[in-house]
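Chemist: Have a look; sequence and predicted model below, questions after that.
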Amino acid sequence: MFGGAFDPPHLGHVALARAAVQQLGLDQLRVFPTGQAWHKARELSPPEHRLAMARLAFADVPHTMVDGRELQRAGPTYTIDTLRELQREFPQAQLLLVIGADQAESLHSWRDSAEIARIATISIAARARPTTDAPPFDASSLPPGRRESVELPPMPVSSTEVRRLAGAGQDITALVPAPVARYIAQHHLYPTN
Ligand code: ATP
C-alpha cells in the first residue's frame, strides 16, 4: 500500500514506487490517492483529477495499480480502514505500507497506529531533508512491528513545490511525469497566484 494526496503526483513518488517494487520484491503495489486526508489542512484538488493524474504517473511502473477506493469514502481518510479492507480481501498476503520518512515520523499519531504496524510491514524511504541541519529520521517514534527500508537517492521534490511553480506559470516538466504536466496544463489545475 502506498498512499498520498498526489496533488499532483511527482517524480519522487514514481521513483519511490519503482524502488519499493524492486527492492521489496512486491507482487503488487497499490497506490491509494487519499480522500480528504485528516492531517492535511489544505483543500485538495478534486478527486477525479488526482485519480486521473495518479493513473498517468504510475502507468509505466511495473506491478503497480492505482486504487481509487479512498476517494469514494465519505469523511476523512484513515489508513487503518484501507489496511483492514485489504486484509479481508487478501487474507494470505503479507501487507506492506510504503511511506516516506517525513510521514513515518508522524505515524505514531495516526488513528490506530499500533494496529497499522501490526498488520503491515512499515517500509520507509528516506526523503531529502528541507535543510541540511534538519535532524535525520528517528525510527524510535515508530510503533513496534516489522520494518523495511527503501533506498532512494534523495529527490528534493514535493507536490507543494510543483503547485507553487505551476501557480507562478513556471516550467514543471523536470518535476512531474510528462503526461501529468500536460494534464495540469490542460485542466488549469493550479491557477496562477
Ligand atoms: P505536499 O507537498 O502537498 O505535502 P508531498 O510531495 O509530500 O505533498 P504526498 O502525496 O503527501 O506528497 O506524499 C505521498 C507519500 O510519498 C508520502 O509517504 C511521502 O512521504 C512520500 N514522498 C513524497 N515525496 C517524496 C520524495 N521526494 N521522496 C521520498 N518520498 C516522498
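Modeler: All right, it came through fine.

Chemist: And the average pLDDT for the longest helix anywhere in the chain is what?
Modeler: Under DSSP state H, the helix in the chain containing the largest number of residues is helix 11-24. What helix 11-24 shows for mean pLDDT is 97.

Chemist: which helices and strands does it pack with?
Modeler: Contacts defined by 3 or more C-beta pairs under 8 Å, 6 or more residues apart in numbering; DSSP states H and E place helix 11-24 against strand 2-4, strand 29-33, helix 47-58, strand 95-100, strand 120-125, strand 147-150. The C-beta positions use only the backbone N, C-alpha and C, and glycine is treated the same way.

Chemist: mind giving me JSON lines with the ones you listed and columns for mean pLDDT?
Modeler: Listed next are the helices and strands packed on helix 11-24 as JSON lines, based on pLDDT from 0 to 100:
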{"stretch": "strand 2-4", "mean pLDDT": "97"}
{"stretch": "strand 29-33", "mean pLDDT": "98"}
{"stretch": "helix 47-58", "mean pLDDT": "97"}
{"stretch": "strand 95-100", "mean pLDDT": "97"}
{"stretch": "strand 120-125", "mean pLDDT": "95"}
{"stretch": "strand 147-150", "mean pLDDT": "90"}
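
Chemist: just so I know, which of these lies nearest A178?
Modeler: With C-beta to C-beta as the criterion, A178 lies closest to helix 47-58 of the helices and strands packed on helix 11-24, at 9.0 Å.

Chemist: residue nearest the centroid of the chain?
Modeler: Nearest residue to the geometric centre of the chain (C-alpha atoms, centre = their mean): G4, 3.2 Å.

Chemist: How much space separates that residue from I184?
Modeler: Note on G4: its distance to I184, by C-beta to C-beta, to the nearest Å, is 16 Å.

Chemist: And L11, by the same measure?
Modeler: For L11, the distance to I184 - C-beta to C-beta - is 14 Å.

Chemist: Neighbour count: those two, which is higher?
Modeler: Legend: neighbour count by other C-beta atoms under 10 Å for L11 and I184, higher for I184 (20 against 16).

Chemist: How about S149, nearest residue that isn't a chain neighbour?
Modeler: Excluding the flanking residues, the one nearest S149 by C-beta to C-beta, 6 or more residues apart in numbering is I124, at 5.8 Å.

Chemist: Over to A139?
Modeler: That would be R147: by C-beta to C-beta, 6+ apart, it lies 7.2 Å from A139.

Chemist: Give me the neighbour count for that neighbour.
Modeler: 13.

Chemist: Next, the contact list for the residue in the chain that the ligand sits nearest to, please.
Modeler: Taking C-beta to the nearest ligand atom, the ligand has its nearest neighbour within the chain at G100, 2.0 Å off. By C-beta atoms under 8 Å, 6 or more residues apart in numbering, the contact set of G100 is G12, L16, I124, A125, R127.
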